[in-house]
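*Asks:* quick one, fold the following:
(chains A and B)
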Amino acid sequence: MLEPAERSGILRDSLAVGVATGAYGLGFGAVSVASGLSVPQTCVLSLLMFTGASQFALVGVVAAGGSPLSGAATALLLGTRNTLYGLRMAPLLQWRGWRRAGAAHVLIDESTAMSVGRDSTPATRLGFLATGVAVFVLWNLATVAGALAGGAVGDPRTFGLDAAVAAAFLALLWPRLEDRRNVLVGVLAATVALSMVPVSAAGVPVLAAGGVALLVGVLARRPDPTEIPGPDDVAGGHR
Amino acid sequence: MWTAILLAGVGCYLLKLAGLSLPERVLAHPTVERVADLIPVALLAALVAVQAFSDGPTLALDARALGLGFALVALLLRAPFLVVVVGAAAVAALARLA
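*Replies:* This next block holds a predicted model:
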């Protein structure tokens, strides 16, 4: 069982992450409608796909004139990231059957980061579920609002929403940069991705950067795995 | 368009479920564990770079870079997540007004 103080701390941090993520769910809704998707299509993406980077990738490819199916392929390739999060989380969550099937839907960047460093299974499960559900509810509410307001808002860049998305990715990455090898991997990955931008379809540069992780991981001699971020490293942890 | 949305949506869910369902021993090998730990680092770094410095198929240096710069400073000062994200948006929006 969890101490009440630890429990409320986890819930508070999870809600904070949900609010922050929901804030750019507004951006997704607006961007998606501006890309030519209908309001129902935009909402189904957030409900069913529910992984921000893949959603942005799909509407981004469509907005740039790509076919819907190539947008779907890009989203799927980006979605492989969540498979790796699942590999990390499965032994920590220890869920089976329908619980695992439900947990899979909220397996995203945020729920992984907010649960992976907890020191007990109940704390891990609570961090994962509270963050996943908070983000799911607020992301979907924000998507509806953003999509409906989309026409009125016009260009989402007016409010700097594109910069907010980049900042959120950086904030998620930040705690992992305490390890020197991770800094090297991050810089290499960013360089590879940017060098691929002019010569490949949208979505491919990010995947190519994943190859850096593969290369460094295979070549590295040091046997101990890198530390990955815990609940104190994101969101409320900075207070 | 609906076909693409449903296909990608169901596919993304199955990718998540596969991660939670594959046997634990997949991660038992140290190389697999290292790669699994490094993948999010590489992808997040690439997402930051592409989101901040590209515009379709071209590289771009614009107001987003200022927003990202704010985020960097805020993270160095251990600011809360919300301050980092909203501040970056505000900085970029103000830069575009200027």
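*Asks:* residue 60: how many residues sit nearby?
*Replies:* Just so you know, I chose chain A. 21 (other C-beta atoms under 10 Å in any protein chain shown). In short, each C-beta sits where N, CA and C put it, glycine included.
*Asks:* oops, I was thinking of chain B
*Replies:* 13.
*Asks:* that one: what's it in contact with?
*Replies:* B:53, B:54 (C-beta atoms under 8 Å, 6 or more residues apart in numbering or on different chains).
*Asks:* and it, what's its pLDDT?
*Replies:* The model reports residue B:60 with a pLDDT of 91.
*Asks:* tell me the contacts of the closest residue to chain A within chain B?
*Replies:* The minimum distance from chain B to chain A, using C-beta to the nearest C-beta, falls at residue B:19 (1.8 Å). By C-beta under 8 Å, 6+ apart, the contact set of residue B:19 is A:82, A:83, A:84, A:85, A:86, A:87, A:89, A:90, A:104, A:107.
*Asks:* where does it land on pLDDT?
*Replies:* 91.
*Asks:* what's the neighbour count on the closest residue to it other than its chain neighbours?
*Replies:* Spatial nearest neighbour of residue B:19, chain neighbours left out: residue A:86 (1.8 Å); criterion: C-beta to C-beta, 6 or more residues apart in numbering or on different chains. When neighbours are counted by other C-beta under 10 Å, residue A:86 registers 24.
*Asks:* so the lowest-mean-pLDDT helix or strand in chain B, near chain A or not?
*Replies:* For chain B, using mean pLDDT, DSSP states H and E, the weakest element among its helices and strands is helix B:30-53, scoring a mean of 84. Yes. Contact of helix B:30-53 with chain A (C-beta under 8 Å from any C-beta of the partner chain) involves B:30-31, B:33-53.
*Asks:* so residue A:81 sits against residue B:39, correct?
*Replies:* Yes. Look at residue A:81 against residue B:39 with C-beta atoms under 8 Å: they come within range, at 6.9 Å.
*Asks:* ok, residue A:205 touching residue A:192?
*Replies:* Yes. Using C-beta under 8 Å, residue A:205 is in contact with residue A:192, at 7.5 Å.
*Asks:* give the residue from those two that has the larger number of neighbours.
*Replies:* Applying other C-beta under 10 Å to residue A:205 and residue A:192 shows that residue A:205 carries more neighbours, namely 24 against 21.
*Asks:* tell me if the helix or strand hosting the more buried one is near chain B.
*Replies:* Secondary structure assignment for residue A:205, by DSSP states H and E: helix A:204-219. Yes. Contact of helix A:204-219 with chain B (C-beta under 8 Å from any C-beta) involves A:205, A:206, A:208, A:209, A:210, A:211, A:212, A:213, A:214, A:216, A:217, A:218.
*Asks:* put together TSV for these, with pLDDT on each row.
*Replies:* As requested, the residues of helix A:204-219 next to chain B are exported to TSV (pLDDT from 0 to 100):
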residue	pLDDT
A:205	83
A:206	77
A:208	85
A:209	86
A:210	82
A:211	86
A:212	89
A:213	87
A:214	86
A:216	90
A:217	88
A:218	88
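*Asks:* generate a PyMOL selection restricted to the buried entries among those residues.
*Replies:* Selecting the buried subset of the residues of helix A:204-219 next to chain B in PyMOL, with 16 or more other C-beta atoms under 10 Å in any protein chain shown as the burial test, is done by:
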select buried, chain A and resi 205+206+208+209+210+212+213+216+217
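*Asks:* alpha carbons only: can I get the helix holding residue A:205 in PDB?
*Replies:* This file holds the C-alpha atoms of helix A:204-219, laid out as PDB (Å, rounded to 0.1, in the frame of the first residue of the first chain):
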ATOM      1  CA  VAL A 204      11.600   9.700 -41.700                       C
ATOM      2  CA  PRO A 205      14.300  12.000 -40.100                       C
ATOM      3  CA  VAL A 206      13.100  11.100 -36.600                       C
ATOM      4  CA  LEU A 207      13.200   7.400 -37.400                       C
ATOM      5  CA  ALA A 208      16.700   7.700 -38.900                       C
ATOM      6  CA  ALA A 209      17.800   9.300 -35.700                       C
ATOM      7  CA  GLY A 210      16.600   6.100 -33.900                       C
ATOM      8  CA  GLY A 211      19.400   4.400 -35.700                       C
ATOM      9  CA  VAL A 212      21.900   6.400 -33.600                       C
ATOM     10  CA  ALA A 213      20.500   4.700 -30.500                       C
ATOM     11  CA  LEU A 214      20.800   1.300 -32.100                       C
ATOM     12  CA  LEU A 215      24.400   2.000 -33.200                       C
ATOM     13  CA  VAL A 216      25.600   3.400 -29.900                       C
ATOM     14  CA  GLY A 217      23.700   0.800 -27.900                       C
ATOM     15  CA  VAL A 218      25.400  -2.100 -29.800                       C
ATOM     16  CA  LEU A 219      28.800  -0.500 -29.800                       C
END
